[in-house]
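> When you get a sec, could you give me coordinates for this:
(chains A, B, C and D)
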Protein chains: 2
Amino acid sequence: MGRVKLQIKRIENNTNRQVTFSKRRNGLIKKAYELSILCDIDIALIMFSPSGRLSHFSGRRRIEDVLARYVNLPDNDRGGVIQNREFLIRTLKKLKCENDMAALANPTVVNSNVEELQQEIGRYQQQLQLSEQRLRFLEPDPLGFTSMSDLES
Amino acid sequence: MGRVKLQIKRIENNTNRQVTFSKRRNGLIKKAYELSILCDIDIALIMFSPSGRLSHFSGRRRIEDVLARYVNLPDNDRGGVIQNREFLIRTLKKLKCENDMAALANPTVVNSNVEELQQEIGRYQQQLQLSEQRLRFLEPDPLGFTSMSDLES
DNA sequence: CCGCCTATGTATAAATG
DNA sequence: TCATTTATACATAGGCG
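A predicted model of the protein is given here:
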């Protein structure tokens, strides 16, 4: 969102990183609040700012109660990395159509841990979105009905 | 967002509430992921669906580690006393230990996750190559306009 | 349940004050 | 710095299969 499309990678400029954190943290907390009300659920959100300060949110229950509910789950329900993996796979499957050449210039696919793969997938996602736009420009539908709304994700 | 402006109050229809949860949960996790990368921070997000099932996300660090960082804060930094703090700390230590031992004793679990992700990315790269051919055909590139950086600015 | 579509509302990157 | 504005990207409600 915003004037330009932002690549999902670390913002190197310290000021910009802090500014972006403040804005997005508020957005994230608002979303978490809305979800907790709309769907009437327990939620806990913990963040440490770039400077190390804590931000957190929880809905109807105290955050420590939600954490306790989490740690009290049977191990197989909690599932460790499994759920993150499923989210990543879901995201990957959604990105099924088009691509961009620049990704080919970056053949680093031998990452050996999930976190690096996660970042890798994030970059692929950005590249795919750009590529989808390009291909839609280059391959307009036969009836010329391509509009701005078609270009949005 | 969407066709109609939604009041922030509990969705009474069970089906709609579950559908909205699924959609917004994915959006929230995506935002949390982006924030963790862009701002290079620790983040932990725990949700229980309307039916009581767990969803969670954490960025570069395991969720247990982020929770441990949280419960280890001095009380005044956290903004209140956690009543069952000792219990949480004990349980988190147990969790961490179990996870570490499980990873050591059974690396196949993690490795299979990584391999599945790498397979996804491999298929994805094949699509990239096909896409590259399409783009070369459609876009003769007389001005060297094929790099990602050209499109991002 | 799951994914897709599209109109519409929302979040936010940069610019500006 | 920090609030406000603006243009743009993104998320999602409702509908369909």
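> shaky segments in chain A?
Low-confidence segments of chain A, defined by pLDDT under 70: A:74-153.
> packing partners for whichever strand or helix holds residue A:19?
Element membership for residue A:19, per DSSP states H and E: helix A:14-38. The contact analysis (3 or more C-beta pairs under 8 Å, 6 or more residues apart in numbering or on different chains; DSSP states H and E) places helix A:14-38 against strand A:43-48, strand A:54-58, helix B:14-38. (Glycine included, C-beta is placed from N, CA and C.)
> could I have the first one exported to CSV, CA atoms only?
The C-alpha coordinates for strand A:43-48 follow below in CSV (Å, rounded to 0.1, in the frame of the first residue of the first chain):
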residue,chain,number,x,y,z
ILE,A,43,-5.8,-13.7,20.5
ALA,A,44,-2.4,-12.6,21.7
LEU,A,45,0.1,-10.5,19.8
ILE,A,46,3.6,-9.7,21.0
MET,A,47,6.1,-7.5,19.2
PHE,A,48,9.4,-6.1,20.0
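> Mind giving me the packing neighbours of it?
Judged by 3+ C-beta pairs under 8 Å, 6+ apart, strand A:43-48 is in contact with helix A:14-38, strand A:54-58, helix A:63-71, strand B:43-48, helix B:63-71.
> which other residues reach the longest one?
Residues outside helix A:14-38 that contact it (C-beta atoms under 8 Å, 6 or more residues apart in numbering or on different chains) are A:10-11, A:41-43, A:45, A:47, A:49-51, A:55, A:57-60, B:6, B:8-11, B:17, B:20-21, B:24-25, B:27-28, B:31-32, B:34-35, B:38-41, B:45, B:47.
> which of these are close to DNA strand D?
Filtering the contacts of helix A:14-38 for proximity to DNA strand D by C-beta under 7 Å from any atom of the strand leaves B:6, B:20, B:24, B:27, B:28, B:31.
> Including distance to residue B:71 and neighbour count, could the residues you listed go into a markdown table?
Putting those into a markdown table (distance: C-beta to C-beta, whole Å; neighbours: other C-beta atoms under 10 Å in any protein chain shown) gives the following:
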| residue | distance to residue B:71 | neighbour count |
| --- | --- | --- |
| B:6 | 35 | 12 |
| B:20 | 31 | 19 |
| B:24 | 27 | 18 |
| B:27 | 28 | 13 |
| B:28 | 23 | 21 |
| B:31 | 24 | 18 |
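> Just send those residues back as CSV, with distance to residue A:2 too.
Putting these into CSV (distance: C-beta to C-beta, whole Å) gives the following:
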residue, distance to residue A:2
B:6, 23
B:20, 26
B:24, 21
B:27, 17
B:28, 19
B:31, 14
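> circling back to that earlier point, in the helix holding residue A:19, what counts as buried?
By neighbour count on 16 or more other C-beta atoms under 10 Å in any protein chain shown, the buried set for helix A:14-38 is A:17, A:20-21, A:24-25, A:28, A:31-38.
> want to throw the helices and strands packed on helix A:14-38 into TSV with distance to residue B:1?
Formatted as TSV, the helices and strands packed on helix A:14-38 follow (distance: least, C-beta to C-beta, whole Å):
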stretch	distance to residue B:1
strand A:43-48	19
strand A:54-58	20
helix B:14-38	9
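> wait, which of those is closest to DNA strand C?
helix B:14-38 (4.2 Å; C-beta to the nearest atom of the strand).
> close to DNA strand C, is that closest one?
Yes - counting by C-beta under 7 Å from any atom of the strand, DNA strand C is contacted by helix B:14-38 at B:15, B:18, B:19, B:22, B:31.
> quick one: which of these is nearest to residue A:69?
Residue A:69 has its nearest neighbour among these in residue B:18, at 19.3 Å by C-beta to C-beta.
> Buried ones in stretch A:51-63, by neighbour count?
Using 16+ other C-beta under 10 Å as the test for burial, stretch A:51-63 gives A:55, A:57, A:58, A:59, A:61, A:63.
> Most widely separated two among these?
Maximum pairwise distance among the buried residues of stretch A:51-63 (C-beta to C-beta): 18.0 Å, between A:55 and A:61.
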